[in-house]
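# give me a 3D structure for the following:
(chains A, B and C)
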Amino acid sequence: MKEFTASVVKEFRHIFRDRRTILIAMVMPVVQIILFGFAVSTEVNDVRVAVCGDLADPAVRNLVDRIDNNRYLSVSGSLSSPSEITGVFRRNEADVAVCFGRNFGENLAPSGRAQVRIIGDGSDPNTAQMITGYLKGVIQSEQTDAEVAFAGEGERKASMAPVVQLMYNPAMKSSYNFVPGVMGLILMLICTMMTSVSIVREKETGTLELLLVSPVKPLWIILSKMIPYLVLSAVNFATILLLSHYVMEVPINGSLLLLCFAALVFVVTSLALGLLISVISPNQRTALLICGMGLTMPTMIFSGIIFPCESMPEVLQWFSDIIPAKWFIIIVKKVMIQGTGLVSAAKEMTILAGMAALLLAVSIKSFRTRLQ
Amino acid sequence: MNAIEIDSISKSYGEARALRDVSLTVNQGEIFGLIGPDGAGKTTLFRIMTTLMLADSGSGKVCGLDIVKDFARLRRIIGYMPGRFSLYQDLSVRENLDYFATLFGTTVRDNYENIKEIYSQIEPFADRRAGKLSGGMKQKLALCCALVHKPSVLFLDEPTTGVDAVSRKDFWTMLARIKSSGVTVFVSTPYMDEAAMCDRLALIRDGVIIGTGTPEEIISGFPFRLLSVKGRRMYPLLKQLRKTDGVISCFSFGDSHHVTYNPEVTGKDRVLAGLAEAGFPDCTAREISPGIEDCFMWLSHGGDSDRQAGAGMQQL
Amino acid sequence: MDRNAVEIRNLTKKFGDFTAVDNISFNVRKGEIFGFLGANGAGKTTAMRILCGLSLPTAGEGTVAGYDINTQQEKIKRHIGYMSQKFSLYPDLTVRENIRLFGGIYGLRDRQIREKTDALLGMLEMQSEKDRFAGSLPLGWKQKLAFSIAMIHDPEIIFLDEPTGGVDPETRRRFWEMIYDASEKGTTVFVTTHYMDEAEYCDRVSVMVDGRIAALDSPERLKSAYGADNMDEVFRIIVR
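Below you'll find the model as predicted:
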């Protein structure tokens, strides 16, 4: 037992004496949260809308007001002819233009059909798509309101329209998406990358030979390497949780205890994975490469930070199933944001726990008491 | 009981055969040197003997314990210092030493007597990080760490490689003291001049033991006579000597050339006369007894068959 | 053309508070074999890096192959050869590819490279090995090949950093014979070693201690000056 404590102490010393390690372990979570929270936010604010059409038409006026009142949109000016749009975009005076057809109100009233054109600035396609999305949402809501008015009070179907509006309005904060993602990413980096690197480093410097030649059981060596990173990831987990709750205003709707438990299972999975990588990597570079290409990148892709999982090709979705981070991220989303309990996350939890058990068994078994 | 018994051990890495049928015995309490160039298989043999690696075939015992079956017990009683400096650079001298003591279930205080002589030299720097030590001090620390649990056998893999001539001498003095405390020392080195410090030694080349015994025994096995020739233009002289009749080989050794010759064909005076004729009038020559390095070079060419060996050496 | 291959005046290199090279001055004559000895950490490597144009001195001036060490580093690199035990060849390239690569690096034309390759392989008797990976060659061959490649652009001076460490005794001597050959053809050789018998093979030897040059002369004179039988003793007396 004394050997074990001494090894844990030694491991902590390695961590605290290496500025790079400490930087990665302590600063990176904060930086990532802030980065994703503010800089890489997928929300679009203060969209300037140029309007073109007959502003004397009450229907047009109504819609323009509606646009202007939207949190994200503001009407920046009106154009007398659609031909002016190009100039406005070139001078960067507006991000999007809305053109109302001739006799807009008159066409709308009897048939509910009137022409509106949204012209986005395609030079930044992602933003343009988002903005046109907003606008479509606004117009849609106007349209449904109009339908409701025409169809009379009895028609309940029409009042379902706001659902559409929500879908098109990604005011659903992007932080809801990236906080679980960043959590998965950080825990994975700390546990997998740092444990594997720390074991492989001893391989490289030759100190592993000394450890193996000593009478200490390899299992103790492994565990003593894992404990410090377990502690570090606990600190990180808390940091991310606090930051996202108090700075990003992400609610913790579900049970905190359940969340912590899920994190623990995930951390064990990651530690075991780190150990496995350290067994197969001859040097730190390989270990880093495997972690980067094999873990960090898939985690980024499948975490919903960048792409939604659901819109991926089937093969990739299938591939994503073997990535532990994916399941952890789903659990976090369910428990933290949707506020559901253990029952609804049971499937994911079982998969994750199964992965943890399997990886731990394989990695401890494959850790050799000798050099290759 | 022998401290180390190695019985026809072989080991290959894929195609490359690192060790071929290596057998050795090391007596209790002696300094045994394994001498050979890089890539000869020294480190592989060390790793097999220290239970770090499994041999493809053959068996070995250290202090009567089998290197495969009894590896756990064996690890308690051997000390090992790998080839490169293998301590934690970011831990201090004291922390390194304490850690290794703890790994072996002991403390520095319990075994202070054992390492006192060496440790006292680095104790003033106990709080310095190991990475900041000079080469010689690192070596002393590594030695302390390998000795802190009072091992019966100490394995030192190339402890003097890359170390300057002065520190090398110091190191061998330390080994002599360790030996006098009853520890068996198994040490490898690529430096032939260190052979004289060993009680017994084995010469290894390309995974094969080409000679073993006390330094005297190995030297007495040298079948030819040796001349040390000095002259003014050394390099042309070397080329000339190689062309001389009866000369089996000629290599430069420091400030002179060592000429291996067949006494039935030529002799010192004939060699000198031949040189004078060829335009090297002011040479001096003297009969010398061979050193380990001469023996190694001869044994490298399969020293068992005299004539063939001579012919082989000439060709090279 | 009577200038020295290396001329160094008051060369100093500091790293923070630590003075690695402390005001050294020396010349290396054209065509000589110059042994650069010193204890570990005496500043040999630092000094050698400056001479090879890899780092700038803190103070002092000098020329290598006629080029200024402070201002003409790129020219120096083109006109010297360098070989060290640690890095010389790409193990994952074949013998021929290595020759091609270094020929290209030193600006040889394709035709020159082809000629050099043939000549070099012939000289080393390695024609049959030309498509082997350099990493799979025996150490002795690697060393010889590395030396020949370092000489591929006929440099005026070649720097050898512990070229023979760990090499077997015969290969080590064969290697020195290559050095002699190069020296006979007029190449200046600047070499570091831990083998004291090799110090005897040099025309002149300098011994560095704590960043300074403690002794510099021919092995003969050093031995008589220190009343020693061999360079090993000389070295120990100086370093102690």
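# what ranges does chain A have for its strands?
A:47-52, A:73-79, A:96-100, A:116-120 (DSSP state E).
# minimum distance to chain B: which of the ones you listed has it?
strand A:47-52 (53.0 Å; CB to the nearest CB). Any C-beta I mention is one placed from the backbone N, CA and C, and that applies to glycine too.
# neighbours around B:Leu74, how many?
25 (other CB atoms under 10 Å in any protein chain shown).
# surely it is in contact with B:Cys63?
Yes: look at B:Leu74 against B:Cys63 with CB atoms under 8 Å: they come within range, at 7.5 Å.
# just name the most buried of the strands of chain A.
strand A:96-100 (a mean of 23; mean count of other CB atoms under 10 Å in any protein chain shown).
# which one of the strands of chain A has the lowest average pLDDT?
Mean pLDDT is lowest for strand A:116-120 among those, at a mean of 78.
# which strands and helices sit next to that strand?
strand A:96-100, helix A:125-151 (3 or more CB pairs under 8 Å, 6 or more residues apart in numbering or on different chains; DSSP states H and E).
# mean pLDDT lowest where, among those?
helix A:125-151 (a mean of 71).
# can you list residues touching both of B:Leu74 and B:Cys63?
Common neighbours of B:Leu74 and B:Cys63 are not found (criterion: CB atoms under 8 Å, 6 or more residues apart in numbering or on different chains).
# which residues are in contact with stretch A:72-84?
Contacts for stretch A:72-84 (CB under 8 Å, 6+ apart): A:43-53, A:55, A:64, A:67-68, A:85, A:88, A:93-94, A:97, A:99, A:117, A:119, A:134-135, A:138, A:171.
# touching, A:Ser198 and A:Ile227? I think so.
No: here A:Ser198 does not reach A:Ile227: they are 11.7 Å apart, not a contact under CB under 8 Å.
# contact partners for A:Leu276?
Shown in contact with A:Leu276 (CB under 8 Å, 6+ apart): A:Leu359, A:Val362, A:Ser363, A:Ser366.
# could you grab the helix/strand/coil label for B:Trp248?
Slight slip there: residue B:248 is Ile, not Trp. Classification of B:Ile248 using DSSP: H, G, I helix; E, B strand; the rest coil returns strand.
# surely it and B:His258 touch.
No: in this structure B:Ile248 lies outside contact range of B:His258 using CB under 8 Å: 10.9 Å.
# show me what contacts the closest residue to chain A within chain B?
Minimum separation of chain B from chain A (CB to the nearest CB) falls at B:Ser86, amounting to 3.5 Å. The contact partners of B:Ser86, by CB under 8 Å, 6+ apart, come to A:Thr205, A:Gly206, A:Thr207, A:Glu209, A:Leu210, B:Ala142.
# mind running it again at 10 Å?
A:202, A:205-211, B:80, B:138, B:142, B:145-146, B:157 (CB atoms under 10 Å, 6 or more residues apart in numbering or on different chains).
# scan chain A for its longest helix.
Longest helix of chain A, by residue count under DSSP state H: helix A:218-246.
# from the contact counts, what lies against that helix?
The helices and strands touching helix A:218-246, judged by 3 or more CB pairs under 10 Å, 6 or more residues apart in numbering or on different chains; DSSP states H and E, are helix A:2-17, helix A:28-34, helix A:175-188, helix A:194-205, helix A:207-213, helix A:256-280, helix A:346-366.
# and the ones you listed, which one is worst for confidence?
Here these differ in mean pLDDT, and the lowest is helix A:175-188 at a mean of 79.
# name the helices or strands packed onto that helix?
Using 3+ CB pairs under 10 Å, 6+ apart, helix A:175-188 is in contact with helix A:28-34, helix A:218-246, helix A:256-280, helix A:297-302, helix A:324-332.
# dump these to CSV, plus distance to C:Met48.
Formatted as CSV, these follow (distance: least, CB to CB, whole Å):
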stretch, distance to C:Met48
helix A:28-34, 40
helix A:218-246, 39
helix A:256-280, 37
helix A:297-302, 42
helix A:324-332, 49
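# can I get the strands of chain A in a markdown table with distance to C:Cys52?
What follows is the strands of chain A, written out as a markdown table (distance: least, CB to CB, whole Å):
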| stretch | distance to C:Cys52 |
| --- | --- |
| strand A:47-52 | 60 |
| strand A:73-79 | 64 |
| strand A:96-100 | 62 |
| strand A:116-120 | 60 |
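# so which of the helices and strands packed on helix A:175-188 is nearest C:Ser84?
Smallest distance to C:Ser84 across the helices and strands packed on helix A:175-188 (CB to CB): 31.0 Å, for helix A:256-280.
# what angle do the closest one and helix A:324-332 make?
Inter-element angle recorded for helix A:256-280 and helix A:324-332: 180 degrees (by axes from the mean of the first three to the mean of the last three CA atoms, to 10 degrees).
# quick one: average confidence on the longest helix of chain A?
Here helix A:218-246 scores 87 as its mean pLDDT.
# one step back: of A:Ser198 and A:Ile227, give the one with the bigger neighbour count.
With neighbours defined as other CB under 10 Å, A:Ser198 and A:Ile227 compare such that A:Ser198 has more, 22 against 17.
# related to what we said a few turns ago, near chain C, from the contacts of B:Ser86?
Counting by CB under 10 Å from any CB of the partner chain, B:Lys138 from these sit close to chain C.
# interface residues of chain C facing chain A?
Of all the residues in chain C, none lies near chain A, going by CB under 10 Å from any CB.
# how about the strands of chain C, start to end?
Under DSSP E, chain C gives strands at C:6-15, C:18-28, C:33-38, C:59-64, C:67-68, C:80-84, C:157-161, C:188-192, C:204-209, C:212-217.
# with mean pLDDT added, can I get the ones you listed in TSV?
Shown next, in TSV, are these (pLDDT from 0 to 100):
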stretch	mean pLDDT
strand C:6-15	94
strand C:18-28	93
strand C:33-38	93
strand C:59-64	94
strand C:67-68	94
strand C:80-84	90
strand C:157-161	93
strand C:188-192	95
strand C:204-209	94
strand C:212-217	94
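# can you lay out those strands as a markdown table showing mean neighbour count?
Shown next, in a markdown table, are the strands of chain C (neighbours: other CB atoms under 10 Å in any protein chain shown):
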| stretch | mean neighbour count |
| --- | --- |
| strand C:6-15 | 18 |
| strand C:18-28 | 18 |
| strand C:33-38 | 25 |
| strand C:59-64 | 19 |
| strand C:67-68 | 17 |
| strand C:80-84 | 22 |
| strand C:157-161 | 24 |
| strand C:188-192 | 24 |
| strand C:204-209 | 22 |
| strand C:212-217 | 18 |
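# out of those, flag the one nearest B:Ile48.
The closest of these to B:Ile48 is strand C:80-84. By CB to CB, the value is 30.7 Å.
# could you give the angle of the closest one to strand C:59-64?
Using the same axes, to 10 degrees, strand C:80-84 lies at 100 degrees relative to strand C:59-64.
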